[in-house]
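1. dropping a prediction and its sequence here:
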Amino acid sequence: MVLHKVHRYHDISCGHRVYGHEGKCRHLHGHNYRVHFTCVAESGQLDTLGRVIDFGEIKSRLCMWLEDNWDHHFLMGTEDPMLASLLKIDPTVVAVPFNPTAENMAEYLVEVVAPQQLKGTGIKLQSVRIEETMKCSASYGE
Ligand SMILES: Nc1nc2c(c(=O)[nH]1)N=C([C@H](O)[C@H](O)COP(=O)(O)OP(=O)(O)OP(=O)(O)O)CN2
């Protein structure tokens, strides 16, 4: 099937640690993440103006979710034993239902966040790619 794809990225800064990591990533640290969103529509399914979705809608529905929920927050998995102590120190720590690797963050954005944020638009978020550093990224999607 031939698809139209539109892309937009957004930059956020987050703290995290990878609980159980064999090396230095088990320590508290942070990244300047670049999150790439890709939305799709089938050929013939563009809106009356010829768009998959307006770029501004990706910004307001997906990029702003990142800005409001993850940017300048510390992401910590609910299974992480340090979560309770950290929440006492800073209640803005965000408890996420996964170990916050780039892979799990991308999957959560596609499977949980996008269906809520794009509800009513008929648009599907096909994939997310997260650059954790300029050298390393993970993607999830079709
Ligand atoms: N598949 C994944 N591997 C790793 C993840 C991840 O999300 N998915 N995350 C990390 C850490 O968060 C770590 O901070 C990044 O690791 P690494 O690239 O090793 O660290 P640097 O960018 O500092 O790389 P150097 O070139 O060694 O300085 C680890 N792995």
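-> Looks like it arrived, so ask away.
2. need the contact list for the residue positioned nearest the centre of the chain.
-> The residue lying closest to the centre of the chain (Cα atoms, centre = their mean) is residue 109, at 4.4 Å. Residue 109 sits next to 35, 37, 62, 125, 128, 140 when contact means Cβ atoms under 8 Å, 6 or more residues apart in numbering. Quick note: C-beta positions are derived from backbone N, CA and C, even for glycine.
3. what would those residues look like in a markdown table with secondary structure?
-> Shown next, in a markdown table, are the contacts of residue 109 (DSSP: H, G, I helix; E, B strand; the rest coil):
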| residue | secondary structure |
| --- | --- |
| 35 | strand |
| 37 | strand |
| 62 | helix |
| 125 | strand |
| 128 | strand |
| 140 | strand |
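4. could the residues you listed be laid out in CSV, adding pLDDT and distance to the ligand?
-> Output for these, formatted as CSV (pLDDT from 0 to 100; distance: Cβ to the nearest ligand atom, whole Å):
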residue, pLDDT, distance to the ligand
35, 98, 13
37, 98, 18
62, 98, 20
125, 96, 20
128, 98, 13
140, 98, 12
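5. distance of the spatially most distant residue from the centre of the chain from residue 36?
-> Distance from the centre of the chain peaks at residue 48, with 29.0 Å (Cα atoms, centre = their mean). Distance, residue 48 to residue 36, using Cβ to Cβ, to the nearest Å: 27 Å.
6. was I right to think residue 3 contacts residue 45?
-> No: using Cβ atoms under 8 Å, residue 3 and residue 45 do not qualify as a contacting pair, with a distance of 9.2 Å.
7. not counting its neighbours along the chain, what's nearest residue 43?
-> Among residues not flanking residue 43 along the chain, residue 2 sits closest, at 5.0 Å (Cβ to Cβ, 6 or more residues apart in numbering).
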